[in-house]
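K.L.:
Predicted model and sequence follow; I will ask about them next.
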Amino acid sequence: MDELSAPEQRPAARPVEFFSILRVAVALLLLAAAGMKIHQFSTEPPPSQAFFDQKWVNLLASFYEMALAAWLLSGWARRLAWLVALLTFATFCVYTTHRLAIGADSCGCFGRLKVRPKYTLILDASLFLLLIFIRPRNAPWSPWGQWRRFAIAWACVLPVMAASAVPVLRFKPVTLPPTGDVKVEEGATIVLEPETWIGQPLPLARYIDIADELKRGDWLAAIVHDGCLGCRALVPQLADAARAAGPGKVAKVALIFLPPFKEPSELVQKDGLFLTGRLDESHDWFAQTPTVLRLHDGVVTDVVIAQGDDKRKQVLDAGLPTVEAVSGEQALDAAPGSSRTVLFVIRNSEANAMAISGATSESDRLTVEGCPASIPPHSFGLVSVKFTAPDAPAADWSGRVVVQAAGAGRAAIPLTVRANVH
């Protein structure tokens, strides 16, 4: 009777093993990182020529991450898996510390997703510490008693590895040749290889809206896009250098934006400090950004992929091309009968493009040699005026060129030349 009336004894609940939760979380993170790298390298070329950006290096890294993730998820040889995961994240910490030390803009661990190395280092270090303190309990070191889990894990991961390798190895990007001639369907991805352009006319000229301006004189043109961490670092440094050019000088710096475009752009200087242009949206352009080109009369003379603090310093140490130009009035000395070209700068600080309907000289001594048809938003344009001095001395000669901005509410822009002819 006592036995029948005794309460039913339930088995004790199995305590939750925190390592089981941790290993699943780590495995999912590794799978996500591997998948994003596979996607990146199956749809676009390596972001740089550095060792850790090479296609085969990232493919092997992705295979390793998938294999370790499958191992952790299977629960096979948990203590040995814990040790391998611990060493893996220790290695990740060393790698991200290196990326942080060299000033890299992204850790490169998550494909197209740009993550600053300092945030990745925090993540890797946190997981490393969690793995130190959260270990598998009552797990044998020897895996041979669980060979079935070993077989299932590899039977799952090997086909995935093989399938993911195919698009990566088959991907062949279309590159823009130095001539600029490329025959692809609209919307196709075109890879820019600026290092091959040195000594050639700018191949992008037919695809950008400021090509005519870049064909005259010396320019520093930076290929940028919104969301680029390196661009966010470089452009303010270029702005500081441009503002330090000195009175009466304009830094000839152009920003060429890759689509898709952001309105308003976070890189544009509101005071019209840079000439800004855009690549057309007929293709999907791929380039390492920021890429800095130096141009002379439209010909590429130097290329720097300004990723990292050392490369950005190299760009700034080389200086910016400048030209003597003033905003509204130019005073000069001239000999009788001589001629001289004067440059005026017109800055558009508004959010809309400034269309120029024409420029008219009020004196036969002033000839407009060059005037932009329009000035992009938050940009500038250069007006070239040739002054021919009178044959006789003149103590205070003056004349004007009037630039007419099209559109309602746009005032005429007078450009004055004052000369002491003696």
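P.N.:
Good, I have the coordinates.
K.L.:
Give the next helix or strand downstream of the strand or helix carrying W71.
P.N.:
Using DSSP states H and E, W71 maps to helix 55-74. Where DSSP H and E defines the elements, the next helix or strand beyond helix 55-74 is helix 78-101.
K.L.:
before we move on, the earlier item: just want the angle from the helix holding W71 to helix 78-101.
P.N.:
Here the directions of helix 55-74 and helix 78-101 differ by 140 degrees (axes from the mean of the first three to the mean of the last three CA atoms, to 10 degrees).
K.L.:
how about the residue lying closest to L192 once chain neighbours are set aside, what does it touch?
P.N.:
Once flanking residues are discounted, L192 sits nearest to A287: 4.0 Å by CB to CB, 6 or more residues apart in numbering. For every residue, glycine as well, the C-beta is placed using N, CA and C. The neighbours of A287, taking CB atoms under 8 Å, 6 or more residues apart in numbering as the test, are V191, L192, P194, I223, L258.
K.L.:
Quick one: neighbours of the first one, just the number.
P.N.:
Meaning V191. When neighbours are defined as other CB atoms under 10 Å, V191 has 15 of them.
K.L.:
Check G230 too.
P.N.:
Around G230 there are 24 other residues, counting by other CB under 10 Å.
K.L.:
Would you mind confirming that it makes contact with V304?
P.N.:
No. Applying CB atoms under 8 Å as the test, G230 and V304 come out as separate, 11.4 Å apart.
K.L.:
Within the sheet, what are the partner strands of the longest strand along the chain, with directions?
P.N.:
The longest strand of the chain (DSSP state E) is strand 394-405. As defined by DSSP bridges, the strand partners of strand 394-405 come to strand 354-361 (antiparallel), strand 413-421 (antiparallel).
K.L.:
residues in contact with it?
P.N.:
With contact meaning CB under 8 Å, 6+ apart, strand 394-405 is reached by 344, 346, 354-363, 365-366, 368, 371, 383, 385, 387, 389-390, 410-422.
K.L.:
How far does stretch 208-222 stretch from one end to the other?
P.N.:
From its first residue to its last, stretch 208-222 covers 13 Å (CA to CA, to the nearest Å).
K.L.:
Report the buried residues of it.
P.N.:
I208, I210, A211, E213, L214, K215, R216, G217, W219, L220, A221, A222 (16 or more other CB atoms under 10 Å).
K.L.:
Kindly provide the distance from the first one to A254.
P.N.:
What it means is I208. Look at I208 and A254: by CB to CB, to the nearest Å, they are 9 Å apart.
K.L.:
Overlap in contacts, the two.
P.N.:
By the contact definition CB under 8 Å, 6+ apart, I208 and A254 are jointly contacted by L214, G277.
K.L.:
any low-confidence regions in the stretch 1-150 of the chain?
P.N.:
When residues are selected by pLDDT under 70, those of the stretch 1-150 of the chain lie in 1-16, 48-49, 138-146.
K.L.:
which residues does T96 contact?
P.N.:
C107, C109, P117, T120, L121, D124.
K.L.:
7 Å - rerun?
P.N.:
Counting by CB atoms under 7 Å, 6 or more residues apart in numbering, T96 touches C107, P117, T120, L121, D124.
K.L.:
same question, S327
P.N.:
Contacts of S327 were listed using CB under 7 Å, 6+ apart, and they are V345.
K.L.:
again with T196
P.N.:
T196 touches P178, counting by CB under 7 Å, 6+ apart.
K.L.:
Tell me how far it lies from G180.
P.N.:
Counting by CB to CB, the separation of T196 from G180 is 12 Å.
K.L.:
repeat for P203
P.N.:
Taking CB to CB, one finds P203 at 4 Å from G180.
K.L.:
Among those two, which residue is more densely surrounded?
P.N.:
Set P203 next to G180 and count neighbours by other CB under 10 Å: P203 wins out with 20 against 15.
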